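Participant: Sequence first, predicted coordinates after that:
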Amino acid sequence: MTEQRALETAVLGGGCFWCLEAVFQQVQGVHSVVSGYAGGHVDHPSYRAVCNGDTGHVEVVAVQFDPAVIPYREILDIFFAIHDPTTPDRQGNDVGPQYRSAIFAQTPGQLATAREAIAALDANAVFDAPIVTELVDASAGKVTFWRAEDEHQNYFRDHPAQGYCAFVISPKVAKFRKQFAHRLQG
C-alpha cells in the first residue's frame with residue numbers, strides 16, 4: 001500500500017498568471033498549477049472584469065505541492081526570483097492592480113514563513129527597492145480563489161510561440177531553469 005502524503009496549496013500573484021503557471025508547472029514536487037483570481041470583492045470574476053481593475057482581484061496561481069519534496073519556503077524562493085516584488089501594481093509592461101505582487105497564505109505557518117522570507121530578502125538587500133508584496137492571511141477562509149477561464153489554463157504550454165509567451169514568459173522560464181535546475185521535474 002502506497003503512503004498518501006498531505007499536499008499543500010500556495011496561492012501567489014506576481015504579474016500575469018501565465019508566467020507563474022509556466023514556471024511552477026516545471027517544479028519538482030508540484031502536483032498541479034491552476035490560474036485564477038483572488039483577493040477581490042466580486043464573486044465569479046471574469047478575466048475581462050479583473051483586467052478592467054474594478055474587482056480588486058489579483059491574477060494568481062494555486063500551486064498544489066508536496067511539502068516533503070519541496071518546502072513552502074522554496075516555493076517562495078522561486079516566486080521571488082521570477083518576478084519583481086518591488087513594483088506596486090506592475091510587472092514589466094503589465095500594469096494595473098491585478099498584477100500586484102501578493103501572497104495569500106493558506107495557513108498560519110505559511111503566513112509566518114512568508115513574513116520571514118520577505119524580512120530576509122529586505123535585510124539582505126536582494127532588491128534595489130523595498131518589497132511591496134501584499135501578504136494576506138487567507139487561512140480563515142475569507143479569501144476565495146476563483147479558477148480562471150479554461151483558455152487561461154496551461155497557456156504557455158499550449159501557445160509557446162505566441163508573442164507574449166515568446167518575449168515575456170520564455171525568459172522567466174529560462175531564468176528559473178538556470179537558477180533552480182536542481183528543482184526541475186524529472
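Facilitator: Perfect, I can see it now. In this text the structure is predicted, and so the values were computed from the model without any measurement. Numbers count the residues shown, from 1 in each chain.

Participant: switch to C-alpha atoms for all contacts and neighbour counts from now on
Facilitator: OK.

Participant: hey, what's Val60 bridged with?
Facilitator: With DSSP bridges applied, Val60 shows beta-bridge pairing to Gly36.

Participant: before we move on, what SS does the closest residue to Tyr72 other than its chain neighbours have?
Facilitator: Once its chain neighbours are removed from consideration, Tyr72 has its nearest residue in Gln110; the separation is 7.2 Å (CA to CA, 6 or more residues apart in numbering). Taken by DSSP: H, G, I helix; E, B strand; the rest coil, the conformation at Gln110 corresponds to helix.

Participant: Gln110: neighbour count?
Facilitator: Using other CA atoms under 10 Å, the number of residues around Gln110 comes to 22.

Participant: Quick check, Thr14 in contact with Pro97.
Facilitator: Not quite, residue 14 is Gly, not Thr. No: with contact defined as CA atoms under 8 Å, Gly14 does not count as touching Pro97 (10.9 Å).

Participant: quick one, which of these two is more surrounded?
Facilitator: More neighbours sit around Gly14 than around the other of Gly14 and Pro97, counting by other CA under 10 Å; the figures are 28 against 21.

Participant: list the buried ones in whichever strand or helix holds Arg73?
Facilitator: Assignment of secondary structure by DSSP states H and E places Arg73 within helix 72-81. In terms of neighbour count (16 or more other CA atoms under 10 Å), helix 72-81 has its buried residues at 72, 75-76, 78-80.
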